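Asker: one predicted model, sequence on top.
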Amino acid sequence: MLHRPRATKSSGSHSGSGNAGIPRNWPSGIVYLRAPSYSKKLTNDALKSLIVVKSVLPATEQPRKSAGPYTNVKITKISNSSHPAHGQHGLFASERLLPDSFILPYLGYIHDNSDMDGNSDYDLSLDREVGVGVDSSKMGNEARFINDYRGLSAGPNAEFRETWIDVGNSKVEKRMGVFVLRAGKSGKRAKGIAKGEEILVSYGKGFWNERQLDE
Ligand SMILES: C[S@@+](CC[C@H](N)C(=O)[O-])C[C@H]1O[C@@H](n2cnc3c(N)ncnc32)[C@H](O)[C@@H]1O
């Protein structure tokens, strides 16, 4: 679930993709990350829950390798005036994405409650038990452009799920990953996300309730 809502902020953008591996349409005021940035204020307990040796993961948990920029998605400026995030950006599939598949990790500044930006629209919970979130307002990757489904479709087509990334040296790191929704028993979502379709999650009711309180 994303935390507190406010107006989005960005200035300028890279129109090309050849800019030292920075994705097309990446805003120039925001740092593009290939790995998360850890707050210096994180406690050892928090770090121990986020970075572990691979051998402690259950056998059912398969750590994955992942590195941006991601060619399966594209950041696009929303020019359709009926889109509720008109004038902002969204994240779209640049190829068909199969049900239940991993799309990309949500990267940003990993922080605890003593070091959080209460005005961020981009802060996602990473580990509730140790009170750690990942905020992509000032630094992040393509996932920061994923919009909420409200006002756009009957429901989301993707969701955030915890996942583990293999970072080498027998270490794995906890990330929030973006996954295509499972096909479901009815098979309603069996096609996954089509090429060109916007990737949409649910930010959760809390995000929009807080937004109403702010207004
Ligand atoms: C994590 S950002 C998503 C990316 C954002 N569109 C951008 O270009 O940076 C969250 C912000 O996007 C906008 N947004 C996302 N989904 C929306 C929706 N369904 N309706 C209206 N605004 C939305 C809101 O301004 C929200 O605070």
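Answerer: Perfect, thanks for sending it.

Asker: surely Glu95 meets Lys195?
Answerer: Yes - assessed by C-beta atoms under 8 Å, Glu95 is found in contact with Lys195 at 5.4 Å. Every C-beta, even on glycine, is put in place using the N, C-alpha and C of the backbone.

Asker: residues in contact with Arg64?
Answerer: For Arg64, the contacting residues are Phe102, Thr163, Trp164, Ile165, Asp166, by C-beta atoms under 8 Å, 6 or more residues apart in numbering.

Asker: residues in contact with the second one?
Answerer: By C-beta under 8 Å, 6+ apart, the contact list for Thr163 reads Arg64, Phe102, Pro105, Lys174, Arg175, Met176, Gly177, Phe179.

Asker: and which of those is nearest to Lys40?
Answerer: Lowest distance from Lys40 to those (C-beta to C-beta) belongs to Lys174, with 18.4 Å.

Asker: so which bits of the protein are right by the ligand?
Answerer: Proximity of the chain to the ligand is confined to 5, 8, 84-85, 88-90, 121-122, 144-145, 147-148, 150-152 under the rule C-beta under 6 Å from any ligand atom.

Asker: among the residues you listed, which ones are buried?
Answerer: Buried members of the residues of the chain next to the ligand, counted by 16 or more other C-beta atoms under 10 Å: Pro5, Ala85, His89, Gly90, Asp121, Tyr122, Arg144, Phe145, Asn147, Asp148, Leu152.

Asker: as CSV, the residues you listed with secondary structure would be great.
Answerer: Conversion of these to CSV gives the following (DSSP: H, G, I helix; E, B strand; the rest coil):
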residue, secondary structure
Pro5, coil
Ala85, coil
His89, strand
Gly90, strand
Asp121, coil
Tyr122, coil
Arg144, helix
Phe145, helix
Asn147, strand
Asp148, strand
Leu152, coil
